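> generate coordinates for the sequence data below:
(one chain, ligands or ions: 1)
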Amino acid sequence: MWSRRSRVQPPSITPMERVVMVIRNDPFAYPQSGSPAHGVPGKFPLNSSRSTQAKDNSVAIRPIVIHGNPVLHRPAAPVTEFNDELKELVADMYETMDASNGVGLAAPQIGVGLRIFTYKMENEDGVPPRGCIINPVLTLGKISTADPDPYEEEEGCLSFPGYGFPLKRAEWVTVNGLDEHGNPVHFEATGWFARCMQHETDHLDGKLYVNRLNKKWTGKMKKVVKKEGWTVDGNSWMPGVDPDPFGH
Ligand SMILES: [Zn+2]
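Have a look, this model is predicted:
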């Protein structure tokens, strides 16, 4: 998920994170992928293997797949094994979320059909501002049927890069799931944090936020899909290599 709010209310940064961010801003910090298509946003051949030429056991940024890729449009499978492979996947998801300046990332967005998401969002619910939820089950409050505010309720998605559309969400949710170590997680989320939980869990059910827009905004969204050619499989973009689609 991408959020305008993430720019208005940047999460607090520890000195260590600041150092990491400075390194990330160095264009030479990441090895270039071997794909000749790099530099052409949204037109990348899908690469499901680890994307950087990093050493084994190191963390990798992975390409983010775009609307039209089937993995985004079908339900993801529950995680059943908490092994090293899972830890590696989750580490890559954190890295990819950070490199894309996202506030949330679901596994299907990097082409992996498993029920996992990571998030990075300050909240007023006493929940750590950064975390991973596996096999989440949400209980939702009521969703208003009023028209959404085009600015205050606009969401964005890394898999629908460069665009934002408004929609109503439940103002609070309860979240039940597991963390990356297999420990139970349970909390209540409100406001934008609740919105983030709903957006990411939708991904695991094969739904993008653009599938929840009202009639007016659905019409506008469909024109974008057609214009961008996002009706087919195979489009993706590479955080840290391609220009940031949301202008960070
Ligand atoms: Zn999303």
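> C-alpha from now on. contacts and neighbour counts both.
Will do.
> distance check, the closest residue to residue 161 other than its chain neighbours against residue 225.
For residue 161, the nearest residue in space outside its immediate sequence neighbours is residue 245; the separation is 5.5 Å by C-alpha to C-alpha, 6 or more residues apart in numbering. Applying C-alpha to C-alpha, to the nearest Å, the value for residue 245 to residue 225 is 15 Å.
> now do the same end-to-end measure for stretch 202-214.
From its first residue to its last, stretch 202-214 covers 16 Å (C-alpha to C-alpha).
> and the ion, is it touching that?
No: for stretch 202-214, no contact with the ion is found by C-alpha under 5 Å from the ion; the gap never falls below 6.3 Å.
> buried set for that stretch?
Residues of stretch 202-214 classed as buried: 202, 203, 204, 205, 206, 207, 208, 209, 210, 212, 213, 214 (neighbour count, 16 or more other C-alpha atoms under 10 Å).
> quick one: contacts of that stretch?
For stretch 202-214, the external contacting residues (C-alpha atoms under 8 Å, 6 or more residues apart in numbering) are 71-76, 106-108, 113-116, 155, 157, 165-167, 199, 218, 221.
> also near the ion: which of these, exactly?
residue 157.
> hey, which helix or strand in the protein has the poorest pLDDT?
Ranked by mean pLDDT, DSSP states H and E, the helix or strand of the chain with the weakest confidence is helix 15-25, at a mean of 35.
> remind me, longest strand of the chain?
Selection of the longest strand in the chain by residue count, based on DSSP state E, yields strand 130-140.
> next SSE after that one?
Per DSSP states H and E, the first helix or strand lying C-terminal to strand 130-140 is strand 154-157.
> contacts for that following strand?
For strand 154-157, contacts defined as C-alpha under 8 Å, 6+ apart pick out 1, 2, 3, 4, 162, 163, 164, 165, 166, 167, 209.
> and the furthest pair within the residues you listed?
Longest distance between any two of these is 16.8 Å, between 162 and 167; criterion C-alpha to C-alpha.
> who's more crowded, the two?
It is residue 167, of residue 162 and residue 167, that has more neighbours when counted by other C-alpha atoms under 10 Å, with 23 against 13.
> wait, that one touches residue 152, no?
No: Residue 167 sits out of contact with residue 152 when judged by C-alpha atoms under 8 Å, with a separation of 9.5 Å.
> contacts only, for residue 68.
Contacts of residue 68 were listed using C-alpha under 8 Å, 6+ apart, and they are 230, 231, 232, 233, 234, 235.
> ok, so of the residues you listed, who is nearest residue 63?
Sorting the contacts of residue 68 by how near they are to residue 63, with C-alpha to C-alpha, puts residue 235 at the top with 9.8 Å.
> output stretch 147-156 as CSV, nothing but the C-alphas.
Once side chains and other backbone atoms are set aside, the C-alpha atoms of stretch 147-156 remain, and they are given as CSV (Å, rounded to 0.1, in the frame of the first residue of the first chain):
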residue,chain,number,x,y,z
ASP,A,147,-19.2,8.9,-1.1
PRO,A,148,-15.5,8.7,-0.2
ASP,A,149,-13.6,12.0,0.2
PRO,A,150,-11.4,12.2,-2.9
TYR,A,151,-8.4,13.5,-0.9
GLU,A,152,-8.8,12.2,2.6
GLU,A,153,-9.7,8.7,1.7
GLU,A,154,-7.5,8.1,-1.3
GLU,A,155,-5.4,4.9,-1.3
GLY,A,156,-2.6,3.9,-3.6
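> returning to what we had before: the ion: which of the contacts of strand 154-157 is nearest?
Minimum separation from the ion among those (C-alpha to the ion) is found for residue 1, which lies at 4.1 Å.
> ok, residue 174 - how many residues close by?
By the other C-alpha under 10 Å criterion, the neighbourhood of residue 174 contains 17 residues.
> residue 87 should be in a helix, yeah?
Yes: with DSSP: H, G, I helix; E, B strand; the rest coil as the criterion, residue 87 is assigned to a helix.
> many thanks, I have nothing further to ask.
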